[in-house]
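> Please work out how this folds:
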Amino acid sequence: MKLLLLRHGKSSWDDPSLADFDRPLAPRGRKAAERMGRELAARNWLPQLALVSPTARTCETWEVVAAALPGSVSADFSDTLYDATAEDVLSEIQRTPKAVKTLLILGHNPGLEDLARRLAGANSEAKALQRLREKFPTAALARFDFDGKWAELGFGRARLTHFLRPRDLG
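All right, here's what the predicted structure looks like:
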């Protein structure tokens with residue numbers, strides 16, 4: 001199984017009257033999302049299902065990323081992913097249908113970063129793990145592999161294979 005954890009792109013603070021939930025992407029966030037979408041397509045890391053937080057910035061990020069992917073990807077928008085803890089996100093992942101082999105989660109920090117750090121087992125790629133431990137910036141992507149069923153995924157049971165930040169992609 002393959003798990004892709006993607007943080008939303010940089011959000012705009014131009015309108016201070018907007019609630020956190022309603023903040024859109026900043027131009028920089030849109031550009032980073034485009035970059036990540038192209039990278040996912042180039043590497044053939046194509047999710048069969050995306051679980052997306054329903055905030056404005058995550059929905060916009062997904063729209064931009066999905067536009068770069070060949071074909072269409074089924075997306076479910078889950079209220080649970082907004083303001084979620086690592087445990088909340090893991091519970092969502094564990095409910096993934098068995099037929100899905102590659103799952104993408106598009107969410108927020110600190111829950112996403114905490115989950116990524118806690119999922120990474122001892123056999124994780126050292127350089128990727130080091131970058132992940134430094135910071136999980138906006139529009140960054142952590143890619144994990146693991147054997148077993150989604151329902152069996154737990155902390156320390158996945159192998160972090162890659163950690164990509166928009167700035168790494170040029």
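
> Just give the closest residue to residue 20, not the sequence neighbours.
residue 55 (7.7 Å; C-beta to C-beta, 6 or more residues apart in numbering). No exception for glycine: its C-beta is placed from N, CA and C like everyone else's.

> Next up, phi/psi of that neighbour, please.
Backbone torsions of residue 55, given as degrees, to the nearest 10, read phi -70, psi 160.

> I'd say it and residue 82 touch.
Yes: Residue 55 lies in contact with residue 82 (C-beta atoms under 8 Å); the separation is 5.8 Å.

> shared neighbours, these two?
By C-beta atoms under 8 Å, 6 or more residues apart in numbering, residue 55 and residue 82 have these common neighbours: 21, 108.

> more neighbours, those two?
Neighbour comparison, residue 55 and residue 82: the larger count goes to residue 55, with 25 against 17 (by other C-beta atoms under 10 Å).

> Test my guess that residue 104 contacts residue 50.
Yes: in this structure, residue 104 is within contact of residue 50 by C-beta under 8 Å, at 4.3 Å.

> Specify which residue of these two has the higher count of neighbours.
Higher neighbour count among residue 104 and residue 50: residue 104, with 27 against 21, using other C-beta under 10 Å.

> Then the more buried one would be within a strand, right?
Yes: according to DSSP: H, G, I helix; E, B strand; the rest coil, residue 104 belongs to a strand.

> ok, what's across the strand from it?
residue 4, residue 50 (DSSP bridges).

> Residue 80 in helix, strand or coil?
Look at residue 80: counting by three-state DSSP, its state is helix.

> I'd say it and residue 90 touch.
No: judged on C-beta under 8 Å, residue 80 makes no contact with residue 90 at a distance of 10.8 Å.

> which residues touch the residue nearest to residue 20?
8, 20-23, 82, 108.

> most surrounded residue in these?
Neighbour max across the contacts of residue 55 (other C-beta under 10 Å) = residue 8, 28 neighbours.

> Am I right that that residue is in contact with residue 106?
Yes: between residue 8 and residue 106 there is a contact at 6.4 Å, judged by C-beta under 8 Å.

> where do the contact lists of those two overlap?
Going by C-beta under 8 Å, 6+ apart, residues that sit against residue 8 and also against residue 106 are 53, 58, 61.

> Among those, name the ones in helices.
58, 61 (DSSP state H).

> and which of the shared contacts of residue 8 and residue 106 is nearest to residue 121?
Closest approach to residue 121 among those (C-beta to C-beta): residue 53, at 25.5 Å.

> Ramachandran angles for that closest one?
According to degrees, to the nearest 10, residue 53 has phi -60, psi 140.

> which residues of the chain fall in strands?
2-7, 49-52, 74-77, 102-107, 141-145, 159-164 (DSSP state E).
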